[in-house]
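# kindly generate the corresponding structure for this input.
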Amino acid sequence: MTVHCPLRILITIMIKMLAFLGNPGKEYTTTRHNAGFMLCDYLYPSASYQMKFHSQFMKAGNAYVLKPMTFMNLSGTAVSEAASFYHLSPEEILVIHDDLELPLGKAKLQKGGGLQGHNGLRSIKERLGTGEFYRLRIGIGRPEHGDVRLYVTSPFRKDEMIIINQLFQKLVPIISAPDRQTEVSIDA
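Okay, here's the model as predicted:
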């Protein structure tokens, strides 16, 4: 008799900085590329930010929260300046960003990995000198046809916003308390 028992792996991470990626400006507020900014606004709806490190910046518990105002392609400037100032290692940073390779409504927490053409991640990797930071990838899906640049800078439709908000509710336990150890279960 064979009994199948899924392997459970617990990963413990200590996050000291959350970097939510997006583009500043009202025209980008609800665009797919701003999924990171949107999650930040969902988690901290009445946050009071200061401008620091080319970012909207605040402290939430024992973690630092950044919304880089450098535009997506230069996100590494903000992240690296804050990491350097607070003496943070890449393993203490969680970057939250949109991801074309994941379907809408899916998210994946991982350490390191490929850039998959994401210029915000490329900028962060270049400025930190490594890609070994944590990432919370928020799936926005890939367009069936058309220009990817236009797709990521276009707003979510109303039905897509419902899916995004449902996903954000599920993500709250993962990142709502970054000032203490977070356990993530992975079935393998």
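# for the top helix by length along the chain, buried residues please.
Longest among the helix segments of the chain by residue count, using DSSP state H, is helix 158-175. Residues of helix 158-175 classed as buried by neighbour count (16 or more other C-beta atoms under 10 Å): 160, 163, 164, 167, 168, 171, 174, 175. (Glycine included, C-beta is placed from N, CA and C.)
# enumerate every residue touching residue 24.
The neighbourhood of residue 24, defined by C-beta atoms under 8 Å, 6 or more residues apart in numbering, consists of 69, 71.
# gap between it and residue 101?
Computed as C-beta to C-beta, to the nearest Å, the residue 24 to residue 101 distance reads 25 Å.
# got a list of what residue 52 touches?
residue 82.
# just the pLDDT for it.
For residue 52, the pLDDT comes out at 96.
# which residues touch residue 139?
Residue 139 neighbours (C-beta under 8 Å, 6+ apart): 99, 101, 102, 103, 104, 105, 106, 107, 108, 167.
# what bits of the protein have low per-residue confidence?
The chain contains residues with pLDDT under 70 at 1-13, 176-188.
# please repeat the previous calculation with a cut-off of 80.
Low-confidence regions of the chain, defined by pLDDT under 80, span residues 1-13, 115-117, 173-188.
# helices of that one, start to end?
35-43, 75-85, 119-128, 148-152, 158-175.
# other SSEs contacting the last one?
Okay, so that is helix 158-175. Where contact means 3 or more C-beta pairs under 8 Å, 6 or more residues apart in numbering; DSSP states H and E, helix 158-175 is packed against helix 35-43, strand 107-111, strand 134-139, strand 182-187.
# now do that helix: distance to the chain's middle.
13 Å (C-alpha atoms, centre = their mean, to the nearest Å).
# got the angle for it vs strand 107-111?
40 degrees (axes from the mean of the first three to the mean of the last three C-alpha atoms, to 10 degrees).
# helix 158-175 vs strand 134-139, what angle?
160 degrees.
# out of the helices of the chain, the one nearest residue 140 is which?
Residue 140 lies closest to helix 35-43 among these, at 5.9 Å (C-beta to C-beta).
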